[in-house]
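K.L.:
Sequence first, then the predicted structure:
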Amino acid sequence: MPQLITMRAAISTLALSAAFVIALECTGWVQAQTQMRERVPVPEAANIKYGVNGHDGRDEYPLSNAEARFAWMQKSNLQVYRLDVGTNGSGVLDALVPLGRKYGVTIRPMLYPGTQGATYTLAKRYANDIKVWEIGNEQDAPREGAQQRINQMMQSYRGVQQAESELHAGLQTSINIMTCNPNGASQCQGDVNGDLWFLDMAWNAGFKFNYVTFHYQAHLRDKGYWMDLYFGQMRTAAQKYRVPIFLNETHCGEIFDGSTDGGHPGDGGCYDSLNQTLTEVATKYADIIREVTVYEMLDEPRSASGVESHFGVMYALGRPKQTAALLASFATRTAAP
């Protein structure tokens, strides 16, 4: 999970007339939007797919109830399931891939980097069903050692490319970055573009990714400066590399402050915060975002500790928080008829 920074940066004001400022901002916005739509192949807002993360193999996610979980996703119009696997993860994927077909759920594996050969074998095995492999998770921090981590990721990237060269199955890859606060000590200090440097480093190493995945758990108070800054980092990545975005770890930042029950409408907390984030995405960033995946489906009281155990939109299967219905409501608006 990304670090959440709560301090506010001081913003200087320009000594310009109000009319000139408004005209300048509007012109710049129009130009930026025009350039964005010219450069990035964009989906319509109605084509955003929603989903959840899971951790199959942990106590809270036994394969024995996987079908019940996928049935719940179908009922909630959730079409994307992201999970973490290693190159030895065929046992989990063998169980989930058929369920994905049955319930109309796209499996999005986050692959822990492995050898080229092992990745090739995995990508080839599931080539008919898994088209995008996310290589690594939150590898953009710290800055120190980033090139070494990218070198490891390249082995799995080459494995996917090898399978695609052989099969011509449309196999693709994605790479992950988090939000980064440039105002303090961080891996992007002084750079409002955030961890674009990491994407540059990976691209220059030969990792020609097809998607960028992005992580942001916003607080309700982030609306404005912080939300514009962080989602702006996401947009800059999409624009520079002409790739769509998967916002594939998001939830309310209030969980980090001790919220555990998902809240309720009008709470000024977790529920309203997640609603605000999903609304912001749908109204301002649907031109670049293809998928929104909330972290995560279930609480993990046995497998995680502290705040990390409370990110579920359900306490357990069959015990939803109100955020589960909120997510389903967004998914229902955009679900294909």
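P.N.:
Nice, I can see it.
K.L.:
Skip the chain neighbours and tell me the closest residue to the residue most central in space within the chain.
P.N.:
The centre of the chain sits closest to N248, judged by Cα atoms, centre = their mean, with a distance of 1.9 Å. Once flanking residues are discounted, N248 sits nearest to T293: 4.1 Å by Cβ to Cβ, 6 or more residues apart in numbering. Just so you know, the C-beta spots here come from the backbone N, C-alpha and C atoms, and that holds for glycine as well.
K.L.:
Please tell me how far that neighbour sits from G100.
P.N.:
Here T293 is placed at a distance of 14 Å from G100 (Cβ to Cβ, to the nearest Å).
K.L.:
Show me which of the two is the more surrounded one.
P.N.:
Taking other Cβ atoms under 10 Å, T293 and G100 do not tie; T293 has more neighbours (27 against 20).
K.L.:
Are we agreed that the more buried one is in a helix?
P.N.:
No: using DSSP: H, G, I helix; E, B strand; the rest coil, the assignment for T293 is strand, not a helix.
K.L.:
Can you name the residues that contact it?
P.N.:
Neighbouring residues of T293 by Cβ atoms under 8 Å, 6 or more residues apart in numbering: Y50, G51, V52, N53, V80, R82, R108, F246, L247, N248, E249, T250.
K.L.:
Secondary structure element holding the closest residue to the fifth one other than its chain neighbours?
P.N.:
Right, V80. Closest residue to V80 apart from its sequence neighbours, by Cβ to Cβ, 6+ apart: G51 at 2.8 Å. Per DSSP states H and E, G51 falls inside strand 49-54.
K.L.:
Give me the next element, helix or strand, following that strand.
P.N.:
From strand 49-54 onward toward the C-terminus, using DSSP H and E, the following helix or strand is helix 66-75.
K.L.:
which strands and helices sit next to the helix or strand just after that following helix?
P.N.:
The helix or strand immediately downstream of helix 66-75 is strand 80-85, counting by DSSP H and E. When contacts are defined as 3 or more Cβ pairs under 8 Å, 6 or more residues apart in numbering; DSSP states H and E, strand 80-85 sits against strand 49-54, helix 90-103, strand 106-111, strand 289-294.
K.L.:
ok and strand 80-85 relative to helix 66-75, angle-wise?
P.N.:
Between the axis of strand 80-85 and that of helix 66-75 there is an angle of 150 degrees, by axes from the mean of the first three to the mean of the last three Cα atoms, to 10 degrees.
K.L.:
check contacts around the closest residue to E280 other than its chain neighbours.
P.N.:
Nearest non-adjacent residue to E280, counting by Cβ to Cβ, 6+ apart: M227, 6.3 Å away. When contacts are counted by Cβ under 8 Å, 6+ apart, M227 touches A218, T277, E280.
K.L.:
for the helices and strands packed on strand 80-85, which one sits closest to L196?
P.N.:
Counting by Cβ to Cβ, L196 lies closest to strand 289-294 out of these; the figure is 17.3 Å.
K.L.:
Please flag which of the contacts of M227 sit within helices.
P.N.:
Among the contacts of M227, the residues falling in helices (DSSP state H) are T277, E280.
K.L.:
Between the contacts of M227, identify the one with the most neighbours.
P.N.:
Within the contacts of M227, neighbour counts (other Cβ under 10 Å) peak at T277, which reaches 26 neighbours.
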